[in-house]
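Engineer: Fold the following for me, if possible:
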Amino acid sequence: MIKKINLSSSQKIFTLWSIVVGLALISGLVFTLQTNWILKEKESKDKEAARPVQLNLKVVYDSTCPDCSDLKPLIDAIKAKNVAITEEKNIDYQSDEGKLLVEKYGLEKIPGLIIAGELQKNSELATLWQNLGEIKNGEFILRQVGAPYREISSNEIKGRVKVILLADKNCADCYDVNRHLNILASMSLPIADRQLLDVNDLEGKNLINEYQIKSIPTLILTGDLAAYVGLKNIWSQVGTIETDGTYVFRNGVTQMGVYRDLVSNKIIRSAVNQNQSPNANP
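Structural biologist: So this is what the prediction gives:
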């Protein structure tokens, strides 16, 4: 026979309070454990995010083309994105290994770049891969190669450019034609050869007649200019592309400063640049 136990009011209250406190302690412990887990998970994610991206590089170059596009600025930019290079190899495209890489990755232009490793760890680099090439079988292959470069199919160097600067030694006030070199450099246009001619030189006169040049100083670009799509797209704003592929600087002359109008044989001082009358005599 079970004996019935009668609890006093104080004992009942104590028992109830003990249950409440116990539940509170359990809830607190669960909350603490959850918080610690969340903090540790966040700490782990932060550490992973801060960890350098592990990449290895293979640069395929052409030892016979010293003026071909240099991939170092691109590689330096990649390394600056918290990247640790586990291996970096430079391979001549004519070597046995280079030939295998050209065939394996379908390289059409040299220099070439192949990158393997944690390609998707950094979102900025992931975007770079999309813009500059493709990822195939877990490796990035550079496809957008700046000129000059060696074209594998023709085995020719594409993108070599010559600039002819045409000046007038009898126009002391005319703008310095060498300023064009700085402009071309800012457009990342490499110059393989350059020549400075005067309007009174025989070769200078021949160019003026051949291309019907009306304003001096100016510049003329020749060579494999088709390799520079961006240049072609903007050239119509400053000059003309002749039937033989030569680029002649025309419209932009008036924006450079003082120049000679060969039609009137007068020095033109632009009101915008010189704040003087536009048709002063030479």
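
Engineer: where along the stretch 1-150 of the chain do the helices fall?
Structural biologist: 9-50, 72-79, 96-105, 123-132 (DSSP state H, counting those that start in this stretch).

Engineer: and the residue nearest to residue 114 when sequence neighbours are not counted, what is it in contact with?
Structural biologist: Among residues not flanking residue 114 along the chain, residue 58 sits closest, at 4.3 Å (C-beta to C-beta, 6 or more residues apart in numbering). From N, CA and C alone the C-beta is placed, and that goes for glycine too. Counting by C-beta atoms under 8 Å, 6 or more residues apart in numbering, residue 58 touches 89, 91, 101, 113-115.

Engineer: nearest to residue 206, of those?
Structural biologist: Top of the list for closeness to residue 206, among those and by C-beta to C-beta, is residue 113 at 43.3 Å.

Engineer: correct me, but the closest one touches residue 143?
Structural biologist: No: under the criterion of C-beta atoms under 8 Å, residue 113 is not in contact with residue 143, lying 9.6 Å apart.

Engineer: So for those two, which sits in the more crowded spot?
Structural biologist: Neighbour count, other C-beta atoms under 10 Å: between residue 113 and residue 143, residue 113 has more, with 22 against 15.

Engineer: Leaving out chain neighbours, which residue sits closest to the more buried one?
Structural biologist: Nearest non-adjacent residue to residue 113, counting by C-beta to C-beta, 6+ apart: residue 142, 3.9 Å away.

Engineer: Tell me the bridge partners for the one you found.
Structural biologist: According to DSSP bridges, the partner residues bridging residue 142 are residue 133.

Engineer: Thought residue 112 was touching it, still the case?
Structural biologist: Yes: counting by C-beta under 8 Å, residue 142 touches residue 112, with 6.1 Å between them.

Engineer: So between these two, which is more surrounded?
Structural biologist: Remark: of residue 142 and residue 112, residue 112 carries more neighbours, 28 against 21, as counted by other C-beta under 10 Å.

Engineer: What's the separation between that one and residue 215?
Structural biologist: According to C-beta to C-beta, to the nearest Å, residue 112 stands 43 Å off from residue 215.

Engineer: show me where the stretch 51-200 of the chain has strands.
Structural biologist: 53-61, 83-92, 109-110, 112-117, 133-136, 139-142, 149-151, 156-158, 161-167, 193-198 (DSSP state E, counting those that start in this stretch).

Engineer: Confirm residue 206 sits in a strand?
Structural biologist: No: read with DSSP: H, G, I helix; E, B strand; the rest coil, residue 206 is helix and lies in no strand.

Engineer: re earlier: rebuild the strands of the stretch 51-200 of the chain as CSV, extending it with mean pLDDT.
Structural biologist: As requested, the strands of the stretch 51-200 of the chain are exported to CSV (pLDDT from 0 to 100):
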stretch, mean pLDDT
strand 53-61, 97
strand 83-92, 96
strand 109-110, 98
strand 112-117, 97
strand 133-136, 95
strand 139-142, 97
strand 149-151, 96
strand 156-158, 94
strand 161-167, 96
strand 193-198, 94
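
Engineer: Can you tell me which of those strands is most buried?
Structural biologist: When the strands of the stretch 51-200 of the chain are scored by mean count of other C-beta atoms under 10 Å, the highest mean neighbour count falls to strand 109-110 (a mean of 23).

Engineer: and it, how far out from the chain's middle?
Structural biologist: In terms of C-alpha atoms, centre = their mean, to the nearest Å, the centre of strand 109-110 is set 17 Å apart from its chain centre.

Engineer: Give the pairing partners of that strand; include direction for each.
Structural biologist: Strand 109-110 has these strand partners (DSSP bridges): strand 149-151 (antiparallel).

Engineer: Other residues contacting the strand it pairs with?
Structural biologist: Identification of contacts with strand 149-151 by C-beta under 8 Å, 6+ apart yields 62, 65, 68-69, 93, 108-111, 156-159, 227.

Engineer: And stretch 70-86, by the same measure?
Structural biologist: 50, 52-57, 59, 61, 111, 113, 115, 117, 122, 124-125, 128, 132, 142.

Engineer: So residue 141 versus residue 171, what's the distance?
Structural biologist: In this view, residue 141 and residue 171 are 52 Å apart by C-beta to C-beta.

Engineer: can you check residue 180 too?
Structural biologist: 16 Å.

Engineer: okay, the two: which has more neighbours?
Structural biologist: Between residue 180 and residue 171, counting by other C-beta under 10 Å, residue 180 is the more crowded of the two (21 against 16).

Engineer: Perfect, that will be all.
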